[in-house]
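J.: Provide a 3D model corresponding to the input given below.
(one chain, ligands or ions: 1)
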Amino acid sequence: MAFSTIEFAIDAGVAILTLNRPKALNSFTSEMHAEIREAMTQVTQDDGIRCLLITGSGRGFCAGQDLSDRALTTDGGAPELGESVEKNYNPLIRSIMGLPKPVICAVNGVAAGAGVSLAMACDIVLAARSASFIQVFCKIGLVPDSGGTWNLPRAVGLARAKGLAMLGDKLSAETAEDWGLIWKCVDDENLQEQAQKMARHFATQPTRALGRIKQLLNASSTNTLLEQTELEKEAMMELGKSDDYREGVAAFMEKRPPVFKGA
Ligand code: T3D
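T.: From the prediction side, this is the model:
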């Protein structure tokens, strides 16, 4: 597939989506959204893809919306941000969080605005030690979108979420790890290797179970215990009939490594 604002490659069950507008710190344009949508459709439909890895090219991860066409016009005209969010950002975040496969994000540099929201929508976030996270929305008179106000307080708690979103200060990758915003930060030179190693690992694991784990954990904060335990039961009922469960138990009993097919 030929894309101009992203790179998209599939190898050994892993899809790697690289945001590729480095001169503008990989900020989102309509074209980039359309290309990401196309890639996400393939990731969703192709059972051979068992893990998605998202990263950025150049020195930044993603600076959120490209602001070059967002200025108010002199005649008072204003961009329809609601339409943009509904058409581009919300479907993107829902498609990542609803994807029944693991999604890794390798934050290679600064993440700002919807770039932070994109990272937070992924299941495992690794960040380069030099990377940073900025809830920059308040600096241009907006609110965190793309699930930002949902994921941020759940990750770091309300006090820190308000401080980050209302002050717009830069959060270092190390503090982001301390605060639970991300899984881990790693030395810059090791980021891509470690992210790809983890992606290759996920591509050999019981994909349906991993998909259900993320679904259950994402649902847990808004469910009652009763609702959540029902969901767990449904997942166990389904997975108990899966080939990968049969293989996992057989491999344990036979004292050999399991060979999961993702089915
Ligand atoms: O609009 C809608 O559809 C609604 C949805 C909105 C979602 C959002 O994400 S709103 C938030 C939009 N993003 C921002 O406000 C971030 C703007 N960028 C920055 O604040 C800074 O660039 C950073 C803090 C991210 C990084 O700072 P720094 O000093 O490392 O880099 P820089 O020099 O500012 O940027 C480097 C280049 O990237 C520069 O271009 P140049 O001068 O070299 O030609 C800069 O203009 C460009 N760039 C960075 N961010 C954006 C951008 N160009 C367009 N849009 C950007 N968002």
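
J.: from here on, contacts and neighbour counts on C-alpha atoms
T.: OK.

J.: and the helices in the stretch 151-263 of the chain, which stretches?
T.: Read by DSSP state H, counting those that start in this stretch, the stretch 151-263 of the chain holds these helices, from start to end of the chain: 158-167, 173-179, 191-202, 207-220, 225-239, 243-253.

J.: for these, which one sits closest to the ligand?
T.: For these, the distance to the ligand is smallest for helix 158-167, at 11.7 Å, taking C-alpha to the nearest ligand atom.

J.: what about the stretch 51-200 of the chain, any weak spots by pLDDT?
T.: Judged by pLDDT under 70, the stretch 51-200 of the chain has its weakly predicted residues at 73-74.

J.: again, only using 80
T.: When the per-residue scores of the stretch 51-200 of the chain are filtered using pLDDT under 80, the ranges that remain are 71-77.

J.: and it, which residues reach the ligand?
T.: In this structure, the stretch 51-200 of the chain approaches the ligand at residues 63-68, 81, 84-85, 112-114, 136-137, judged by C-alpha under 6 Å from any ligand atom.

J.: which ones among those residues map onto strands?
T.: For these, membership in strands holds for residue 112, with DSSP state E as the criterion.

J.: if I look at the nearest residue to residue 159 once chain neighbours are set aside, how far off is the ligand?
T.: Among residues not flanking residue 159 along the chain, residue 153 sits closest, at 8.0 Å (C-alpha to C-alpha, 6 or more residues apart in numbering). Taking C-alpha to the nearest ligand atom, to the nearest Å as the measure, residue 153 and the ligand are separated by 18 Å.

J.: what number of residues lie near residue 153?
T.: Around residue 153 sit 17 other residues, with neighbours defined as other C-alpha atoms under 10 Å.

J.: my read: residue 35 touches residue 5, true?
T.: Yes - Residue 35 is within contact range of residue 5, at 7.3 Å (criterion: C-alpha atoms under 8 Å).

J.: about what we covered before: among the helices of the stretch 151-263 of the chain, which comes closest to residue 99?
T.: Each of the helices of the stretch 151-263 of the chain was checked against residue 99 via C-alpha to C-alpha, and the shortest separation belongs to helix 207-220, namely 7.1 Å.

J.: in that closest one, what counts as buried?
T.: Within helix 207-220, the residues that qualify as buried are 207, 208, 209, 210, 211, 212, 213, 214, 215, 216, 218, counting by 16 or more other C-alpha atoms under 10 Å.
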